[in-house]
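**Student:** coordinates only, no sequence provided:
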């Protein structure tokens, strides 16, 4: 387990070296691979690991290879330093009023699609266990049995149960940041951006209700450092919603006196969905998302407009 932690720190250090050699900021790199800056920072400092898929994305963006990032001695493909002979990167698209870049999929409406997540069997088993028995009720032995692996095999991939919880919550935040950023791009004004952001939140909390449920119920189980980091990441999303609410109210000439209270109520309405929503229930995620966007506009005192 100690060697796993050491390897995690070594990979993080190489990611940081490759990023700084490429002349990219933490935030710019995080946007390019579709994660939050807090998650990339945690990878670089060794506080969390990176999946193979994420390492591939990093390698492609940073001009190196996955074997180099993981310290495979059979390769010496270190990242190349910036030089005049290196082809320049295409400039990142300038979006409306400093809005963030869309996710790596490139499709403006990718936030509405929910393909299967790239989750390894151990993490998938841990997520199921945390939902079924709670974090404290799950054990590495029960997770191993659910994953069809030996306990030592699970420890080969994850340090401990806390590591699994952190990875699950980092995955949650990465998905939320990517989807909310992409949703904002779809709105032409404040009102439309509020609608899109609320729909993105509702869709995530219904399509990925297991991850969302853990995010709502197990923050208290995190170690203090990761709890603070993920709380800050959550706050970033709340602030994005707050900004669009302010814009929508200003455009309509309405008071913003209770805008922050409304923003918290709208966000809480979405995060509560995993407590009751079922995919086999009477309403689909898309129907819920449309209804919740209407609820949000109603709460803000903005008349609902339907074609």
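**Tutor:** Yes, it's here. Everything numeric in this text was worked out from a predicted model, so none of it was measured.
**Student:** contacts for stretch 189-203?
**Tutor:** Applying CB atoms under 8 Å, 6 or more residues apart in numbering, the external contacts of stretch 189-203 come out as 111-112, 114, 176, 179-180, 182-184, 186-187, 240-241, 244-252, 266-267, 270-271, 273, 285-286, 288-290, 292-293, 296-297, 300, 302. Any C-beta I mention is one placed from the backbone N, CA and C, and that applies to glycine too.
**Student:** restricted to strands, list these.
**Tutor:** Using DSSP state E, the subset of the contacts of stretch 189-203 located in strands is empty.
**Student:** can you flag the buried ones in those residues?
**Tutor:** Among those, those buried by neighbour count (16 or more other CB atoms under 10 Å) are 111-112, 176, 179-180, 182-184, 186-187, 240-241, 244-249, 266-267, 270-271, 273, 285, 288-290, 292-293, 296-297, 300, 302.
**Student:** what about the helices in the chain?
**Tutor:** Secondary structure of the chain (DSSP state H): helices located at 2-21, 26-33, 37-44, 52-62, 66-69, 121-133, 140-147, 151-157, 161-185, 190-207, 209-217, 224-251, 259-271, 285-299.
**Student:** quick one: which of these is nearest residue 277?
**Tutor:** helix 190-207 (5.0 Å; CB to CB).
**Student:** can you give me the first-to-last residue distance of stretch 128-139?
**Tutor:** End-to-end span of stretch 128-139 (CA to CA, to the nearest Å): 12 Å.
**Student:** the nearest residue to residue 219 once chain neighbours are set aside: neighbour count?
**Tutor:** Excluding the flanking residues, the one nearest residue 219 by CB to CB, 6 or more residues apart in numbering is residue 227, at 6.0 Å. Residue 227 is flanked by 15 other residues according to other CB atoms under 10 Å.
**Student:** same thing with residue 201?
**Tutor:** With other CB under 10 Å as criterion, residue 201 counts 27.
**Student:** do you know how far it is from residue 208?
**Tutor:** Separation of residue 201 from residue 208 (CB to CB, to the nearest Å): 11 Å.
**Student:** nearest spatial neighbour of residue 167, skipping sequence neighbours?
**Tutor:** Residue 167 sits nearest to residue 123 (CB to CB, 6+ apart), 5.8 Å away.
**Student:** ok, now residue 162?
**Tutor:** Sequence neighbours aside, residue 223 is the residue nearest to residue 162 in space, at 6.2 Å (criterion: CB to CB, 6+ apart).
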